[in-house]
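**Q** Sharing a model that was predicted from the sequence below.
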Number of protein chains: 4
Amino acid sequence: MSKSNTQFQGIITYPITPFLPNGEIDLKTLNQLIEQLISNGSHAIAPLGSTGESAYLNDEEWTEVAQTSIKAVAKRLPVIVGVSDLTTANAVKRAKIAEKAGADAIMVLPVSYWKLSNDEIFSHYAKIADAVSLPIMVYNNPATSGIDMSPEFIVQMFKSIDNVTMVKESTGDIQRMHKIRLLANNELPFYNGSNPLALEAFAAGASGWCTAAPNIIPQWPMKLYQAFQNNDLPLARDLFYKQLPLLEFILKGGLPTTIKAGLKLKGLNVGSPRLPLQPLDEAGTKKLETLLESLHKTQ
Amino acid sequence: MSKSNTQFQGIITYPITPFLPNGEIDLKTLNQLIEQLISNGSHAIAPLGSTGESAYLNDEEWTEVAQTSIKAVAKRLPVIVGVSDLTTANAVKRAKIAEKAGADAIMVLPVSYWKLSNDEIFSHYAKIADAVSLPIMVYNNPATSGIDMSPEFIVQMFKSIDNVTMVKESTGDIQRMHKIRLLANNELPFYNGSNPLALEAFAAGASGWCTAAPNIIPQWPMKLYQAFQNNDLPLARDLFYKQLPLLEFILKGGLPTTIKAGLKLKGLNVGSPRLPLQPLDEAGTKKLETLLESLHKTQ
Amino acid sequence: MSKSNTQFQGIITYPITPFLPNGEIDLKTLNQLIEQLISNGSHAIAPLGSTGESAYLNDEEWTEVAQTSIKAVAKRLPVIVGVSDLTTANAVKRAKIAEKAGADAIMVLPVSYWKLSNDEIFSHYAKIADAVSLPIMVYNNPATSGIDMSPEFIVQMFKSIDNVTMVKESTGDIQRMHKIRLLANNELPFYNGSNPLALEAFAAGASGWCTAAPNIIPQWPMKLYQAFQNNDLPLARDLFYKQLPLLEFILKGGLPTTIKAGLKLKGLNVGSPRLPLQPLDEAGTKKLETLLESLHKTQ
Amino acid sequence: MSKSNTQFQGIITYPITPFLPNGEIDLKTLNQLIEQLISNGSHAIAPLGSTGESAYLNDEEWTEVAQTSIKAVAKRLPVIVGVSDLTTANAVKRAKIAEKAGADAIMVLPVSYWKLSNDEIFSHYAKIADAVSLPIMVYNNPATSGIDMSPEFIVQMFKSIDNVTMVKESTGDIQRMHKIRLLANNELPFYNGSNPLALEAFAAGASGWCTAAPNIIPQWPMKLYQAFQNNDLPLARDLFYKQLPLLEFILKGGLPTTIKAGLKLKGLNVGSPRLPLQPLDEAGTKKLETLLESLHKTQ
């Protein structure tokens, strides 16, 4: 596979997974949400990420969301499916399901209970890569996964495993992006997964921003990206500082929790996150409403 | 429920979960292992803990191990079953299965993908407690679970939820035990889950030591506990420092990985841990063999 | 004092303090170094910072360096003098000496042995501010000082103490700069003190870069700043990544140690840092030489 | 020097340094305080430690306190003098002054502004050791000094530098003591410098407890030590938990601040700590009074 053809640019949006009151997946609303995300300008769709509560779904549910999402996008945009699971066997199984359903790429986070050695992580990725011919986005997010992959290790996987063509860095540490760029001679595209780092990641040369924010404020991330495309840093800075309070709020409150509350405020009832995660409380909802209104006024 | 009748003392042993070469649970070897643990003097058996790779089993496998273990112990010792799961619904389901199968208590670790607020953790425990009438051991182990419960919060749950009668502290921070004891007026028994803290935890008044070590060096933890029962601190200190290098080794290498290697060295083939976890490598196995031999000579 | 007149822009350079072989201050070389820094384009000079080994000088030496530096600059550029000391009394004394000698501003780092409460830090700054009428640059650098001031606290000092007009942030955490800007309504100019954050700090709106790098690679920081002045982000990014390996090297090796080695390589013998700090070892010097040559070729 | 003759046992007490209202050292009260500490049963006296505000004294003051303290003890107990300073030259100078004044040992903390490499720390200790023939207590306290020495490094200094005969560990991490004991074959005596770890440090085999607590609750640390001498762990545990709230309070509030407040409550006016350190506030003083009264009643 030529690595250069398997990369994405811009705003990569992470849809939430809607639930019905009885706890089942709400496929109709999922379709509706994806339609909105596409019409609002996302450059790619990434179902079953952290925001999509992938970790809280059983195998049947996971498959249902993957297939439905890919079908809903219908090749209008690239689809990157999160296939992470605690066991290698199940991650491989999910990768195959995603490929068969028509995914354009898969994203893999090395979830842990027991800490993994680099050898164990490498072998996990290699086995998934062997099982499919899709490009793989390596996803580093120690805050949720309990595993922290160094830039050195990530670049080593990029050089050793054919399918590994992209990396999503969610530590929020800009120095990781610097190291990845220098170590890989600027040949490994990196994507920012930390919302409050959006401005600096683009300044440092990120290829895209992986974010759930377009679920509720679609135009703001797009405009920020556009300002960078136009080499207009003062505008980008201004746009960033305006949306920053909301970006911090959704991160701090947990993305499924806050994004679902925001969608409800905007009129799309996507249900609650799955227990033990609880819906955003009243004070938080009020705060979120104020933040959304303030952005609505200034846009 | 009278809280005072629902507590355990001494060495609480965590069996590994044996696998066959085809990856299935090896129930025959599980029975054999439990028989060994009982005859070697453990004071309680705790299947499906971190050591038991509970997080890597599917629901059917989990149930099989729970039922088999309880049946194997056959009321000769108390059995504490780990029922942790990422979703509240599944943890509740497991608690009910454990109760029906005859468990004496359940252990609950609040596993996370998204960080949980104290309200969310409290509600998780409360829902499990409501579903069964078994005593609950609260389990704090941020290194594997990603969630850290403060002594203040743990004691608050002890005071508010009837079934919560014990706490297993695995941070390795002795000050947590001090705080729990002071905050609960010495009414909440605490158990040490950090092997290299065994000496000091007993010195600080721990009711027991939750450990996988008896799988491979059964007599050493028992002797240490006995020395404390006899108020013989110099002997306890001597016994502790002798076993400490092995305790550090099994912790650092990951308990399923190192304990399975140790059992194989001692002649019981329990298979490998489940991928992405890999078996102990050759150098590690050699080191473990030396440590075991050294303890065998000095005992 | 009108706060808007008391702020600086651009590259603020931190000279090292040269020593003679007998351990005394080498005033002649200090004059020569400052002359170089001015002719190479620095926008301000900041003697007696971390780089200047201020913490390792006795009171007489400190005074000598302050007076000599101010006299050497001779009003051609603004001079910001570091007046930090462990006791409030001595910091006040140094502030007065700096003012009398003609400093344009002072920089204050709240050094600690015992941790300080916010009240104690506030009072330390207030007493220094009362003693002089110079603008004060608050300096946050927990890695060297052992004290970490939150953005909230820094902005509170800015609002409460007249002379406090600037903040130098050296944590390397870009989110601190975001918070300072939002909390102070963009009225408190912030300066970046972490070399490997130079690109992103300017992207985020920093007023200047406080750095020792111009001692040895004067043109590179200036060009980076100029690219931002010209709103040419692609050029700025390119310039940044080229100098980044050297910026990381001088930070990791300790600024007095590496900068003194670099000046020697460039032909200015400034002596060794003061014990217990040791001169850069041979391998490090070789590495530094390679980094300098590589930058010399590409400029 | 035979290492075995140069070690101390039991409760090593750290006197505060009293100040007069005009800020000068109050030598008369210092004499009085030392007299109290001796008559209350301390096993050694350690002036000019962290508690003694050594870091906040100028050279003349430091010398005055060293000489006065040694003279006041008058060979009735061993005296360990803290000679730490930021520069090697000044630490050497202080070591010589201490030796000339009759100290029995010196304590050295490697204070930092710039982080030190192990080579730099080793050389710092070696130069001090060369300058005197007193035994040296290595002092590890990263929270105040900014430098953390690993057990491996400390044991290496013990093996390589003749005068290094003892180590005071103040990280509060019991595993450090385990490692020191194992690495040094139990030949390097370790002393606990973290008050809330007193119980477990003695359980783990510490030779002594370095503490400021005897300034205000002299009998409690002595009784705890005595219980361990009598191999009465249940009594030691009981005594420890009773004094623990006070030990935590004085640590958390800063030792000079809280101990000076406590001495004043007990009728000895020792003045305030030196600015920027402030005296204990009213609420803190009330809390301290309650803790002292509660201990007075139960003793």
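**A** Received the coordinates, thanks.

**Q** Quick check: residues of the stretch 1-150 of chain A near chain B?
**A** Residues of the stretch 1-150 of chain A lying near chain B by Cβ under 8 Å from any Cβ of the partner chain: A:23, A:50, A:55-56, A:86-89, A:110-117, A:119-121, A:123-124, A:127, A:143-144, A:146. From N, CA and C alone the C-beta is placed, and that goes for glycine too.

**Q** my guess is residue A:204 contacts residue A:178, does it?
**A** Yes. Contact status for residue A:204 versus residue A:178: in contact at 6.5 Å, counting by Cβ atoms under 8 Å.

**Q** What is the distance between the lowest-mean-pLDDT helix or strand in chain A and the centre of its chain?
**A** Here the helix or strand of chain A ranked lowest by mean pLDDT, DSSP states H and E is helix A:142-145, holding a mean of 93. The chain centroid and the centroid of helix A:142-145 are separated by 14 Å under Cα atoms, centre = their mean, to the nearest Å.

**Q** then stretch A:199-216 to PDB, C-alphas only?
**A** Coordinates of each C-alpha in stretch A:199-216 appear next as PDB, following Å, rounded to 0.1, in the frame of the first residue of the first chain:
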ATOM      1  CA  LEU A 199      -4.600  26.100  17.600                       C
ATOM      2  CA  GLU A 200      -1.100  25.000  18.400                       C
ATOM      3  CA  ALA A 201      -1.400  21.500  16.800                       C
ATOM      4  CA  PHE A 202      -2.200  23.200  13.500                       C
ATOM      5  CA  ALA A 203       0.600  25.700  14.000                       C
ATOM      6  CA  ALA A 204       2.900  22.700  14.600                       C
ATOM      7  CA  GLY A 205       1.800  21.100  11.300                       C
ATOM      8  CA  ALA A 206      -1.000  18.700  12.300                       C
ATOM      9  CA  SER A 207      -2.900  17.200   9.300                       C
ATOM     10  CA  GLY A 208      -6.200  17.200  11.100                       C
ATOM     11  CA  TRP A 209      -8.200  17.600  14.300                       C
ATOM     12  CA  CYS A 210     -10.000  14.600  15.600                       C
ATOM     13  CA  THR A 211     -12.900  16.100  17.600                       C
ATOM     14  CA  ALA A 212     -16.400  15.600  18.800                       C
ATOM     15  CA  ALA A 213     -17.100  19.400  18.900                       C
ATOM     16  CA  PRO A 214     -18.800  19.500  15.400                       C
ATOM     17  CA  ASN A 215     -21.600  17.500  16.900                       C
ATOM     18  CA  ILE A 216     -22.700  20.700  18.600                       C
END
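
**Q** Do that stretch and chain C come into contact?
**A** Yes. Residues of stretch A:199-216 contacting chain C under Cβ under 8 Å from any Cβ: A:199-200, A:203-205.

**Q** Same question for stretch A:142-154.
**A** No. On the criterion Cβ under 8 Å from any Cβ, stretch A:142-154 is out of touch with chain C, staying 12.4 Å away.

**Q** Dump that stretch to CSV, keeping only the CA atoms.
**A** C-alpha atoms of stretch A:142-154 as CSV (Å, rounded to 0.1, in the frame of the first residue of the first chain):
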residue,chain,number,x,y,z
PRO,A,142,-3.1,7.4,28.1
ALA,A,143,-5.8,9.2,30.1
THR,A,144,-8.5,6.8,28.9
SER,A,145,-6.4,3.7,27.9
GLY,A,146,-3.8,3.6,30.7
ILE,A,147,-1.1,3.1,28.1
ASP,A,148,1.3,5.7,26.9
MET,A,149,3.2,5.2,23.7
SER,A,150,6.3,7.3,23.2
PRO,A,151,6.9,9.2,19.9
GLU,A,152,9.9,6.9,19.4
PHE,A,153,7.8,3.8,19.7
ILE,A,154,5.0,5.2,17.4
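
**Q** Specify the next element, helix or strand, located C-terminal of the helix or strand residue A:236 falls within.
**A** Per DSSP states H and E: residue A:236 is located in helix A:233-252. Next helix or strand after helix A:233-252 toward the C-terminus (DSSP H and E): helix A:255-265.

**Q** How about that next one, which residues are buried there?
**A** By 16 or more other Cβ atoms under 10 Å in any protein chain shown, the buried positions in helix A:255-265 come out as A:255-264.

**Q** could you measure residue A:176 against chain B, distance?
**A** 20 Å (Cβ to the nearest Cβ, to the nearest Å).

**Q** Give me the pLDDT for that residue.
**A** Note for residue A:176: predicted pLDDT of 98.

**Q** Next up, the contacts around it.
**A** Contacts for residue A:176 (Cβ atoms under 8 Å, 6 or more residues apart in numbering or on different chains) come out as A:140, A:151, A:169.

**Q** Once you drop chain neighbours, what's closest to the first one?
**A** Across the structure, with Cβ to Cβ, 6 or more residues apart in numbering or on different chains as the measure, the residue nearest residue A:140 apart from its sequence neighbours is residue A:149 (4.8 Å).

**Q** Counting by contacts, list what the helix or strand where residue A:289 lies packs against.
**A** Residue A:289 is located in helix A:282-298, with elements delineated by DSSP H and E. With contacts taken as 3 or more Cβ pairs under 8 Å, 6 or more residues apart in numbering or on different chains; DSSP states H and E, helix A:282-298 sits against helix A:233-252, helix A:255-265.

**Q** what comes up buried for it?
**A** Those would be A:284-285, A:287-288, A:291-292, A:295, for helix A:282-298 by 16+ other Cβ under 10 Å.

**Q** can you check stretch A:119-133 too?
**A** The neighbour-count check on stretch A:119-133 (16+ other Cβ under 10 Å) flags A:120-129, A:131-132 as buried.

**Q** and the nearest residue to residue A:47 once chain neighbours are set aside, what does it touch?
**A** Once flanking residues are discounted, residue A:47 sits nearest to residue A:69: 3.8 Å by Cβ to Cβ, 6+ apart. Residue A:69 makes contact with A:15, A:30, A:34, A:45, A:47-48, A:79, A:81, according to Cβ under 8 Å, 6+ apart.

**Q** Keep only those of those that are in helices.
**A** Using DSSP state H, the subset of those located in helices is A:30, A:34.

**Q** before we move on, back to that, what about the residue nearest to residue A:140, neighbour count?
**A** For residue A:149, the count of nearby residues is 26 (other Cβ atoms under 10 Å in any protein chain shown).

**Q** One more: residue A:275?
**A** 18.

**Q** Would you confirm that it contacts residue B:86?
**A** No. Here residue A:275 lies out of contact with residue B:86, judged by Cβ under 8 Å, at a distance of 10.1 Å.

**Q** Look at the residue of the stretch 151-299 of chain A found nearest chain D and tell me its secondary structure.
**A** The stretch 151-299 of chain A approaches chain D most closely through residue A:175 (17.7 Å), counting by Cβ to the nearest Cβ. With DSSP: H, G, I helix; E, B strand; the rest coil as the basis, residue A:175 sits in helix.

**Q** how about the nearest residue to it, chain neighbours excluded?
**A** residue C:196 (6.0 Å).

**Q** what's the spacing between that neighbour and residue C:105?
**A** In this structure, residue C:196 and residue C:105 are 25 Å apart, going by Cβ to Cβ, to the nearest Å.

**Q** Repeat that for residue A:273.
**A** 51 Å.

**Q** cool, and residue A:67?
**A** 64 Å.

**Q** Perfect, that will be all.
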